[in-house]
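Undergrad: please work out how this folds:
(chains A and B)
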There are 2 protein chains.
Amino acid sequence: MTVTLPPAQDFSYKFSEETKARIPSPLKTCLRYYNDPDIIFLGGGLPRSELFPWDSVSASCAAPPFKTGTAGGMQLHVAKSGQSANAVVSGARDVPLERALQYGFSQGQPELMDFVREHTRRLHRMQYADWDVLATVGNTSAWESTLRVFCNRGDTILAEEYTFSSSLVAAEAQGVRAYPVPLDENGMVPERLGELLDNWERWHDGVPRPKLLYTVPTGQNPTGTCLSNDRRQAVYRLAQQHDLLIVEDEPYYFLQLDPYEADAGRRAPRVFASHEEFVGSLVRSFLSLDTDGRVLRLDSFSKVLAPGTRLGWIAGAKQLLQAYLALLELTVQAPSGFTSSLIAGTLTRWGQEHYIDWLIELRREYTHLRDVVMDALHRYIPAKPWVRVNPTEAGMFFTVHLNAAAHPRFVSEYESQPERVEWALYEKMIAHGVLAVPGMWFRTGGKDPSRSRQAGDTNNIFFRGTFAAVEEDKLVVGIQRLGSMLAEEFGCSGFAR
Amino acid sequence: MTVTLPPAQDFSYKFSEETKARIPSPLKTCLRYYNDPDIIFLGGGLPRSELFPWDSVSASCAAPPFKTGTAGGMQLHVAKSGQSANAVVSGARDVPLERALQYGFSQGQPELMDFVREHTRRLHRMQYADWDVLATVGNTSAWESTLRVFCNRGDTILAEEYTFSSSLVAAEAQGVRAYPVPLDENGMVPERLGELLDNWERWHDGVPRPKLLYTVPTGQNPTGTCLSNDRRQAVYRLAQQHDLLIVEDEPYYFLQLDPYEADAGRRAPRVFASHEEFVGSLVRSFLSLDTDGRVLRLDSFSKVLAPGTRLGWIAGAKQLLQAYLALLELTVQAPSGFTSSLIAGTLTRWGQEHYIDWLIELRREYTHLRDVVMDALHRYIPAKPWVRVNPTEAGMFFTVHLNAAAHPRFVSEYESQPERVEWALYEKMIAHGVLAVPGMWFRTGGKDPSRSRQAGDTNNIFFRGTFAAVEEDKLVVGIQRLGSMLAEEFGCSGFAR
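TA: All right, here's what the predicted structure looks like:
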């Protein structure tokens, strides 16, 4: 049965002044003659590829079946066109180095984009017809570009109450104000989002309604939560109702971890009977819920392959991606050719199936590290009512939440200001030889009181740590130091819970 | 004798609103603890580098002494830290793959930036103390960032009367208007620039004075001229006098070619007795003339190594580079790690000296291609007073200039409008099987009559072609077709000059 999907809605009325003013370069109109065999094309400023100093690149890279650590199980070799060899796995398609190192293909090298498109089709089961993918140099750039594509100075957006600082800084610099959507221990709260949108004019006199919602739903940065399917559906419905675009920034999507099991003896990594079962176990992306074409998904190889690849992609409605492409052609032009050749070489040799094997293996590794840090937190952080630790559900961060009012000198020394306790504890932590990051550094709309967090648990403070970057034994010692500092500061003796 | 250089002047008053509003992320304040051995650093969102799938990269690359074509004379191998081998040339310093593939080093990997800094010192003999270099993903992005760093909507800039279209499109989209500086057959005309600046208010009622001058002085795109040292000095003095920043976009700087010698029998590539003689033979960069710190030089490996590296750098006053860095950290973050490792590996194995050998070799190759195209132009383009061909001095472009009024149907069919002749000839060219690009596509301020070219030879039109991208025999056939089309159109019989 062939299902004919409907087209995306037209959201071009949301474009920024800049996007509307960005006229395609007339040079592009002649590119259609580039491959015409009857035309000698003297139009392009392409340097002579015979003079590139590299003939081929190779890499020692992981090979399926993947074991702990990566190691070089496979020798990957990508040459200039016509010279390629060793496409051992059937279906491998190389980006010839000669093409990768030349100008062109701002939308991404076809072999790589075909892989990403197929991956997207499989993972997100798209519900409208005219979607596509577009290569980026990573989500940081993709988000900054999103702001340029849609927002003018004075526009507003929504973001989680605490979110990735650089994303906020990018918005503020462009004169785009971010307003916070309240979070609880399970992530963004749809009811509060609905309330905020229903009361926008009343609560924010004269402030324009937000144009888009920026969210990190899976492995939320900094809180480590994973938004449930129900909440995602509720948020999507609100976006439809209030005509918001949703920008999901999902570098941690595949770091959805097994549930934390405190009893180490009962732990066993979840085994999936099939790749379908694995895919079905994943929380649904906003992209997969999107029937309108109002979701832009920012994806990246940074957390699943390596950040230094500086390669990612945006998935969304073709018409919106055209506006990004016009911007990217004037900025990054295209991701690095070395990166494109090496990633396409690796992934097309692995194939879709082994790439999923790789993602399952990563989940196993990061679940283990999450267990190590949770065990240490349970062991060394005082088991008191003023401290709360949520098991990390996804991503690479954990948070330790504290009731600042429980600090013995909350009133006397810190004048009942939770931020002052937060700052003091941050400095004490460093004096104890461990550093985690104060929650306040992630606060949306932090400096503008009308945008800061609303009434509620205003004495709650928290610190974000990562379990990804440090060796396991140092990680445990770090948590021990954190626990010892907290015990000392809050005046309780031991650590044992 | 130690020369103590003066510091750069403070040009921060030129920053855009956006630059002024771009507050550094508070996360950065904790990075100084990252390498502190006493601190367990849980602050950074760095994925676990053991889980990167690549252990090493290798490349087959050109080795000195360089011969025609490149071919793989050297096997370059870059591994994760501690595993590197074959740093055969003394002084080779690798960017370990483990670091290259991790987050960090937005300013550029140190090994590579040290090389670029030393290269800059040698080539441009800096005249103030506090200069530096900053990695970019190429000049297109560097220029777009320059606009973001300095310009607000409504600001104006100056650019050559004909210039790189994408640079103009980037400015227009940001609401920054570019005004043309007249060109002649030797490039930008300082007297006309002075006139323009002296009469700014009178000629441009209510238009803000330009903030910066954008220029492609060497291998000017599209006209292929190379601005003389005298003109550069005059332009720099005007920039001082009228407080302009100069942005020199110099991808073609090292494609300064030997003077064209029409008699093939008398041709011999210029031989340099030493690298000093080669460096001394190059036209002086604006950077090298800069005593104030008002020049930003955009440099790139695109034309001298390969465009797909997506790696370049900006050289200029440290304080100005800080503003770029703050922007780049929110956009591209850093160039590709694969690119950084492979380029640093290649260049530090070659060393500064052999890199200059490489540049000399490139000059030889492109000089030969320029000779091929000039010979063909001399042979096949009608030798008539209405056509002019300048020998290309630098870069990879040639131009054919025509007096549109000499077209037999200039008045009858084209109503005395040179643009209509230009467009008609462009279409005729394609019908004849060759494509060169109409000059009008490069016109600064094209759509605004108050900004278009001033009175003078207004019937001059031109076409830009390249001699870099096409095989030699096709290049010659292309010129033959162009000549035949012109002869037909302008109604003259033969080709022979």
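
Undergrad: quick one: contacts for the closest residue to A:Ala334 other than its chain neighbours?
TA: Closest residue to A:Ala334 apart from its sequence neighbours, by CB to CB, 6 or more residues apart in numbering or on different chains: A:Ser106 at 4.9 Å. (Each C-beta comes from the backbone N, C-alpha and C, glycine too.) The contact partners of A:Ser106, by CB atoms under 8 Å, 6 or more residues apart in numbering or on different chains, come to A:Ala135, A:Leu325, A:Leu328, A:Glu329, A:Gln333, A:Ala334.

Undergrad: what of A:Met440?
TA: Taking CB under 8 Å, 6+ apart, we find A:Met440 in contact with A:Glu419, A:Glu422, A:Trp423, A:Gly446, A:Ile461.

Undergrad: one more pass at 10 Å, please.
TA: A:Tyr162, A:Pro418, A:Glu419, A:Glu422, A:Trp423, A:Tyr426, A:Gly446, A:Ile461, A:Phe462, A:Phe463, B:Pro26 (CB atoms under 10 Å, 6 or more residues apart in numbering or on different chains).

Undergrad: in a strand, it, correct?
TA: No. According to DSSP: H, G, I helix; E, B strand; the rest coil, A:Met440 belongs to no strand; its state is helix.

Undergrad: still on that earlier bit, closest one of the contacts of A:Met440 to A:Leu287?
TA: Of all those, A:Tyr162 has the smallest distance to A:Leu287: 23.3 Å, by CB to CB.

Undergrad: surely that closest one meets A:His401?
TA: No. Taking contacts as CB atoms under 10 Å, A:Tyr162 lies outside contact range of A:His401: 11.2 Å.

Undergrad: higher neighbour count, those two?
TA: It is A:Tyr162, of A:Tyr162 and A:His401, that has more neighbours when counted by other CB atoms under 10 Å in any protein chain shown, with 25 against 17.

Undergrad: biggest helix in chain A by residues?
TA: When chain A is parsed with DSSP state H, its longest helix is helix A:337-380.

Undergrad: that one close to chain B?
TA: Yes. Counting by CB under 10 Å from any CB of the partner chain, chain B is contacted by helix A:337-380 at A:337-343, A:346-347, A:350, A:358, A:361-362, A:365-366, A:369, A:373.

Undergrad: now do the SS call for A:Gly104.
TA: coil.

Undergrad: go on, A:Val133?
TA: Classification of A:Val133 using three-state DSSP returns strand.

Undergrad: so it makes contact with A:Gln107?
TA: Yes. Proximity of A:Val133 to A:Gln107 meets the contact threshold set by CB under 10 Å, at 8.5 Å.

Undergrad: what do these two both touch?
TA: What both A:Val133 and A:Gln107 touch, as defined by CB under 10 Å, 6+ apart, is the set A:Met113, A:Trp313, A:Leu321.

Undergrad: out of these, who's nearest B:Val271?
TA: Nearest to B:Val271 among those is A:Met113, at 47.1 Å by CB to CB.

Undergrad: for the closest one, grab the count of nearby residues.
TA: Quick note: A:Met113 (other CB under 10 Å) scores 20 neighbours.

Undergrad: okay, the nearest residue to A:Ile356 once chain neighbours are set aside: pLDDT?
TA: Counting by CB to CB, 6+ apart, A:Ile356 lies nearest to A:His275, which is 4.9 Å off, once chain neighbours are set aside. Per-residue pLDDT puts A:His275 at 96.

Undergrad: and what of the one 4 residues further on?
TA: Looking at A:Val279, its pLDDT stands at 97.

Undergrad: remind me which residues of the stretch 1-150 of chain A are low pLDDT?
TA: The stretch 1-150 of chain A contains residues with pLDDT under 70 at A:1-2, A:68-72, A:82-91.

Undergrad: go with 80
TA: A:1-3, A:24-25, A:67-72, A:81-91 (pLDDT under 80).

Undergrad: all strands of it, in order?
TA: A:40-41, A:54-61, A:74-79, A:131-136 (DSSP state E, counting those that start in this stretch).

Undergrad: partners of the second one, with directions?
TA: If I follow you right, that is strand A:54-61. Here strand A:54-61 is paired, per DSSP bridges, with strand A:74-79 (antiparallel), strand B:54-61 (antiparallel).

Undergrad: start to end distance for stretch A:217-225?
TA: The stretch stretch A:217-225 measures 8 Å between its terminal residues, going by CA to CA, to the nearest Å.

Undergrad: strands along the stretch 351-497 of chain A, start to end?
TA: Going by DSSP E, counting those that start in this stretch, the stretch 351-497 of chain A shows strands at A:387-389, A:397-403, A:434-435, A:437-438, A:460-466.

Undergrad: highest mean neighbour count out of the ones you listed?
TA: strand A:434-435 (a mean of 26; mean count of other CB atoms under 10 Å in any protein chain shown).

Undergrad: so how far is chain B from A:Ser167?
TA: Computed as CB to the nearest CB, to the nearest Å, the A:Ser167 to chain B distance reads 9 Å.

Undergrad: out of everything not next to it in sequence, what's closest to A:Trp386?
TA: Among residues not flanking A:Trp386 along the chain, A:Ala406 sits closest, at 3.4 Å (CB to CB, 6+ apart).

Undergrad: what about A:Gln241, distance to chain B?
TA: Separation of A:Gln241 from chain B (CB to the nearest CB) stands at 31 Å.

Undergrad: quick one, phi psi at that residue?
TA: Per-residue torsions, A:Gln241: phi -60, psi -40 (degrees, to the nearest 10).

Undergrad: which segments of chain A make up each domain?
TA: Domains of chain A are assigned by the TED database as A:97-364, A:371-490.

Undergrad: so how far is the first one off the chain centroid?
TA: Read that as domain A:97-364. 5 Å (CA atoms, centre = their mean, to the nearest Å).

Undergrad: kindly report the same for the shortest one.
TA: For domain A:371-490, the distance between its averaged C-alpha position and the chain's averaged C-alpha position is 23 Å (CA atoms, centre = their mean).
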